[in-house]
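Undergrad: Kindly return the folded structure for what I paste below:
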Amino acid sequence: MRLFLLHFLKAVWHVRVAWFWPIWIALTGAATLIVAWLVSHTTSAPIPIAKPAADISTRRHYWTASAVAALSLLALFLVCYVGMTLKWEDFADYDESAFTLFALRGQNLSPPIWQDLGRFFPLGDQEFNLIRHFTHTVAGYHVFSVVQICILCCVLLALTDELSVTIRAALAAFALITPGVVYVFSGLYYPERNVVFWLACLALFVKYFERTKATAWAAAAAVSAQIMIYYKDTAFLLLAGFAASRLILRCRNAEHPGWDFRTLRSKESSLDWCLGLLGLIFCLYYLAAMFPHPNTQYATLVGYPLPEVVLFYLKTNSLMWLLALTVLFRTYLILRGRVQFSPLWDGLACGGSLYFAAYLYLGLCSFYYPAPVNLIAVLYLGRFAALAWERVPMGSKVAISVLALALLVQNVSLSAYRLFERKNTIHAKAEIARVVGERYSGSRANAQRAFFPFATPYVLMEFGSYLNYRGVPVEGATPQTSGPNTVVMVSSVVAMSGPCVAYRSLICQAGSGPERGDLVIVLPDDNASRAETTRYRERGQLLLAYEPRPRLPRWSYPLVSLFRAAWPSRNKEISDRWLDASVTVWK
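TA: Purely as a prediction, here's the structure:
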């Protein structure tokens with residue numbers, strides 16, 4: 001028996017990456033059974049913890065006129081949100097070459113386990129392996145995220161059911177307009193979208209388990225946690241912080257001085273032990289998958305120094321810093337026995353703060369990385385502010401209102417900037433692809449050269465894959481796209497002819513300038529001034545001149561530059577040709 005077990009473990013070790021799906025399904029099934037058994041066989045009653053009056057669900061006047069109006073406005077908001085998501089959408093965003101080169105051509109996307117970069121988020125984009133069997137349209141691919149948005153909104157309303165319907169609807173809307181959440185739900189290739197969704201499900205299932213002690217809710221929470229942590233490398237820290245803080249702070253009962261470790265044997269603690277174990281198993285699986293060289297090469301390649309990262313998040317995400325400060329203050333008060341611990345909400349806040357700290361440590365900057373923390377911050381801070389509203393003096397109410405308004409303005413502004421830039425970038429590239437396609441269809445006999453004076457190799461690769469998807473065969477996109485009837489991409493930025501990037505086959509040719517008959521293409525995301533692009537447009541026949549829509553007045557550019565200036569090591573000023581694009585036939 002021992003020999004058989006040894007051979008079995010060796011076999012599993014050799015296929016630990018290739019057989020991710022069987023291993024993950026087995027782990028998930030085992031976790032569900034263990035949680036169900038452990039919770040159902042925990043006989044010790046939880047230690048009674050008195051709840052403050054403000055924490056008890058009031059379920060007040062659900063169907064008053066104000067409640068109906070709030071839900072109606074929320075429904076209208078969702079309709080507009082979904083409409084904005086689908087407007088001008090196409091497979092022309094960054095990282096969507098995975099769809100144009102593989103999923104839309106009938107190939108499954110492999111689980112993202114990148115040993116050379118130290119990345120391990122194997123559930124990332126795996127839902128599209130199912131979606132591709134039902135649709136090939138961009139709207140069809142977005143249906144999944146649209147359904148998630150609607151379910152998420154319902155979950156958020158249920159999570160805060162101790163508040164009035166009006167406040168719950170306002171918090172749900174606020175959470176959905178934070179830049180991180182807007183970012184991940186407006187695009188496709190963002191695993192954080194699923195982290196946000198399953199985090200909300202986890203919180204709801206834990207909430208219902210704490211109320212009912214039903215084993216089914218505990219099992220559902222374990223499954224949600226297991227899905228969430230395999231969608232993003234750092235999500236296990238969120239889960240670990242959630243479970244560990246609940247175990248530790250639950251022992252601190254404000255009703256009695258000192259620590260009461262009997263709470264570690266309660267049903268709620270049994271679930272937390274299991275959730276923490278899931279996080280530990282993820283760590284072990286990560287180390288096994290990366291063996292023998294675990295690394296953080298990805299963070300080394302794209303990360304920034306800590307001071308620049310801190311400054312970036314100070315400028316773009318005040319919610320996270322406010323959450324972290326509130327967590328530190330409340331944890332101090334809980335440990336001193338001055339306030340009552342809220343297992344669900346304080347646990348989520350501690351997990352979110354640990355998740356945020358990981359990105360500071362790794363030096364990773366983005367609007368969308370902290371999307372789960374944005375969600376937690378809005379619900380956590382909004383809930384406590386609403387519960388304490390009637391008890392705080394007028395001066396504090398004014399301060400809270402001013403702070404909430406400032407946060408709302410910051411989040412709406414950044415989200416609007418994100419949508420405006422992304423939608424115009426996609427729409428401009430779609431228009432360029434249309435013009436190139438028309439030009440190509442009129443001269444199939446000869447290969448065409450497309451010269452990109454400013455585009456970087458990565459941007460070229462992504463745009464080339466999109467051109468190929470639009471019916472314009474680009475050199476190297478597939479084994480068939482080579483020879484006389486292909487479009488050759490040439491760039492003055494490329495140092496040497498060959499694959500644009502190491503992980504894709506599209507070819508970028510190095511060239512110092514355009515030749516007669518070349519299509520000279522200026523992309524909307526090129527980092528160039530109007531003076532630099534004009535000299536290319538004036539030397540040929542202009543086929544397309546794209547301007548961003550709606551057109552922003554020139555006086556607004558300094559304001560928009562404030563968002564651009566938040567990025568570390570990046571051009572701080574917005575270009576005077578921001579988001580415009582062109583296609584010219586060189587003479």
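Undergrad: Where do the domain boundaries of this structure fall?
TA: With domains defined by automatic domain parsing, the chain comprises 67-391, 417-547+580-586.
Undergrad: Any chance of a markdown table for those, columns mean pLDDT, distance to residue 36 and mean neighbour count?
TA: Bear in mind the C-beta positions are built from the backbone N, C-alpha and C, glycine included. Shown next, in a markdown table, are the domains of the chain (pLDDT from 0 to 100; distance: least, CB to CB, whole Å; neighbours: other CB atoms under 10 Å):
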| stretch | mean pLDDT | distance to residue 36 | mean neighbour count |
| --- | --- | --- | --- |
| domain 67-391 | 93 | 5 | 19 |
| domain 417-547+580-586 | 89 | 41 | 18 |
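Undergrad: Present those as TSV; the columns should include distance to residue 29.
TA: Putting those into TSV (distance: least, CB to CB, whole Å) gives the following:
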stretch	distance to residue 29
domain 67-391	9
domain 417-547+580-586	33
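Undergrad: Select, out of the ones you listed, the one closest to residue 8.
TA: Taking CB to CB, domain 67-391 is the member of the domains of the chain nearest to residue 8, at 15.2 Å.
Undergrad: how far does that closest one stretch from start to finish?
TA: With CA to CA, to the nearest Å as the measure, the first residue of domain 67-391 is 23 Å from its last.
Undergrad: Could you do stretch 87-105 as well?
TA: Taking CA to CA, stretch 87-105 runs 24 Å from one end to the other.
Undergrad: where along the stretch 451-587 of the chain do the helices fall?
TA: Ranges of helices in the stretch 451-587 of the chain, per DSSP state H, counting those that start in this stretch, are 457-469, 530-537, 557-564.
Undergrad: Once you drop chain neighbours, what's closest to residue 39?
TA: Nearest non-adjacent residue to residue 39, counting by CB to CB, 6 or more residues apart in numbering: residue 218, 4.5 Å away.
Undergrad: Contact partners for residue 476?
TA: By CB atoms under 8 Å, 6 or more residues apart in numbering, the contact list for residue 476 reads 482, 499, 505-507.
Undergrad: and which of those is nearest to residue 403?
TA: Looking across the contacts of residue 476 and measuring by CB to CB, the closest to residue 403 is residue 506, at 48.3 Å.
Undergrad: these two touch, right, the closest one and residue 475?
TA: Yes: between residue 506 and residue 475 there is a contact under CB atoms under 8 Å: 7.2 Å.
Undergrad: shared neighbours, those two?
TA: Listed as contacting both residue 506 and residue 475 by CB under 8 Å, 6+ apart are residue 489.
Undergrad: Determine the three-state secondary structure at residue 450.
TA: Following DSSP: H, G, I helix; E, B strand; the rest coil, residue 450 is assigned to strand.
Undergrad: is it true that it touches residue 521?
TA: Yes: the criterion here is CB under 8 Å, and residue 450 meets it with residue 521 at 5.6 Å.
Undergrad: Quickly list what's touching both of the two.
TA: residue 436.
Undergrad: list the contacts for the closest residue to residue 433 other than its chain neighbours?
TA: The shortest distance from residue 433 to any residue other than its chain neighbours is 4.5 Å, reached at residue 470 (CB to CB, 6+ apart). By CB under 8 Å, 6+ apart, residue 470 lies in contact with 433-434, 437.
Undergrad: measure residue 470 to residue 487 for me?
TA: Residue 470 sits 11 Å away from residue 487, going by CB to CB, to the nearest Å.
Undergrad: And residue 14, by the same measure?
TA: Going from residue 14 to residue 487 by CB to CB gives 43 Å.
Undergrad: next one: residue 88
TA: 24 Å.
Undergrad: now residue 107
TA: Residue 107 sits 22 Å away from residue 487, taking CB to CB as the criterion.
Undergrad: next one: residue 182
TA: Residue 182 sits 34 Å away from residue 487, taking CB to CB as the criterion.
Undergrad: again, but for residue 500
TA: From residue 500 to residue 487 the distance is 13 Å (CB to CB).
Undergrad: One more: residue 263?
TA: For residue 263, the distance to residue 487 (CB to CB) stands at 66 Å.
Undergrad: My guess is residue 397 contacts residue 389. True?
TA: Yes: using CB under 8 Å, residue 397 makes contact with residue 389 at a distance of 6.9 Å.
Undergrad: what about residue 404, how many neighbours?
TA: Close neighbours of residue 404, defined as other CB atoms under 10 Å, add up to 15.
Undergrad: can you pull the contacts of it?
TA: Taking CB under 8 Å, 6+ apart, one finds residue 385 in contact with residue 404.
Undergrad: that's a helix at it, yeah?
TA: Yes: counting by three-state DSSP, residue 404 is part of a helix.
Undergrad: Quick check, pLDDT for it.
TA: Note on residue 404: pLDDT of 93.
Undergrad: Residue 162 versus that one, what's the distance?
TA: Look at residue 404 and residue 162: by CB to CB, they are 19 Å apart.
Undergrad: How about residue 472?
TA: Taking CB to CB, one finds residue 472 at 56 Å from residue 162.
Undergrad: Please apply the same query to residue 284.
TA: Residue 284 sits 38 Å away from residue 162, going by CB to CB.
Undergrad: Check which helices and strands the one helix or strand residue 243 maps to sits against.
TA: According to DSSP states H and E, residue 243 maps onto helix 235-250. The helices and strands touching helix 235-250, judged by 3 or more CB pairs under 8 Å, 6 or more residues apart in numbering; DSSP states H and E, are helix 192-212, helix 215-229, helix 267-290, helix 318-335, helix 343-362.
Undergrad: angle of the third one against helix 192-212?
TA: Between helix 267-290 and helix 192-212, the angle comes out at 150 degrees (axes from the mean of the first three to the mean of the last three CA atoms, to 10 degrees).
Undergrad: Helix 235-250 and helix 267-290, what's the angle between them?
TA: With the same axes, to 10 degrees as the basis, helix 267-290 and helix 235-250 are set at 150 degrees to each other.
Undergrad: Report all helices and strands that helix 267-290 contacts.
TA: Helices and strands in packing contact with helix 267-290 are listed as helix 20-40, strand 119-120, helix 192-212, helix 215-229, helix 235-250; criterion 3+ CB pairs under 8 Å, 6+ apart.
Undergrad: nearest to residue 84, of the ones you listed?
TA: Between residue 84 and the helices and strands packed on helix 267-290, the shortest gap by CB to CB is with helix 192-212, which sits at 15.5 Å.
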